[in-house]
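A.B. asks: sequence and predicted structure, then a few things I'm wondering about:
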Amino acid sequence: MRTITTWAAALAGMLLPGTALAQDMQSDWYVAASGTISMLDDSNTTVLALPIPPGYSDNINKFDTGWGAQLAVGSRLERARIEIEVGYTKDDSDRYVAIVPDTGEIAAKGGHRTLRVMANAYYDLLDGPVQPYVGAGVGYARIKVKHTAARAFFPTEEPRRLLDDKSGELAFQAMAGAAFRVSDTMALTAQYRWLTAGKVHFTDLGGFEHVREHSGHNVDLGVRITL
């Protein structure tokens, strides 16, 4: 662990302007936990290779406000921080809009369940009792989707389970927020986080490929404890 800390301090000494010698830097480990208000963007979806003209369908899945939670462990090196985060969000959908064919809004039941593992880097903009910060992360998102509804080409039929699949994708996120220090070892945190997994590929129960966009906005409220 001492070797890792020494190399991290040396790297920070080269990358962070105005810092003292890397060997004089202090490294603090911390753990963090937070809850999430998840606002997943409406998802543009294309269903491919259908046996009905024009051979595909385009839909927009509408999502309600969801929830989630995450845990993280990280290390501070002056104003820079690096961490590993594990998070989960649940976003439900109760309708979709069929664009091709143009059959309008159709009731649905289902949504996305997303488990992610992210490597994040942050920079604290100020010292003091209130510390605003910015950050970015990259990692892996495992997205499970369920969709029960009438088919777009037959909007008056009885709803049926159309999609029940999961897929893993490369994910990116960007964060901005603030930590509010309440003691030497504890801070309350509030941040905005945008996450995207791009276009995610699923296979429905009829064997047809669905390409869904997955991105959205999150508000995370939590606590950070220095070890």
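C.D. replies: Good, I have the coordinates. Every value quoted in this text rests on a predicted model; they were computed, and no experiment measured them.

A.B. asks: check which helices and strands the strand or helix carrying V117 is in contact with.
C.D. replies: Per DSSP states H and E, V117 falls inside strand 104-124. Counting contacts by 3 or more Cβ pairs under 8 Å, 6 or more residues apart in numbering; DSSP states H and E, strand 104-124 packs against strand 57-63, strand 66-77, strand 80-100, strand 130-149, strand 160-181. (C-beta placed from N, C-alpha, C; glycine too.)

A.B. asks: got the angle for the first one vs strand 130-149?
C.D. replies: So that's strand 57-63. 130 degrees (axes from the mean of the first three to the mean of the last three Cα atoms, to 10 degrees).

A.B. asks: distance between the ends of stretch 74-85?
C.D. replies: 9 Å (Cα to Cα, to the nearest Å).

A.B. asks: average model confidence for that stretch?
C.D. replies: Mean pLDDT, computed over stretch 74-85, is 94.

A.B. asks: report the buried residues of it.
C.D. replies: Neighbour counts over stretch 74-85 (16 or more other Cβ atoms under 10 Å) mark G74, S75, R76, L77, E78, R79, A80, R81, I82, E83, E85 as buried.

A.B. asks: may I have the strands that pair with the strand holding V117, each with its orientation?
C.D. replies: When sheet partners are counted by DSSP bridges, strand 104-124 sits next to strand 80-100 (antiparallel), strand 130-149 (antiparallel).

A.B. asks: buried ones in that strand?
C.D. replies: So for strand 104-124, counting by 16+ other Cβ under 10 Å, buried means 106, 108, 110-116, 118, 120, 122, 124.

A.B. asks: ok, now which ones touch the residue sitting nearest the centre point of the chain?
C.D. replies: In the chain, the centroid-proximal residue (Cα atoms, centre = their mean) is L195; its distance is 4.1 Å. Listed by Cβ atoms under 8 Å, 6 or more residues apart in numbering, the contact set of L195 reads R116, A141, A171, F172, Q173, S215, G216, N218.
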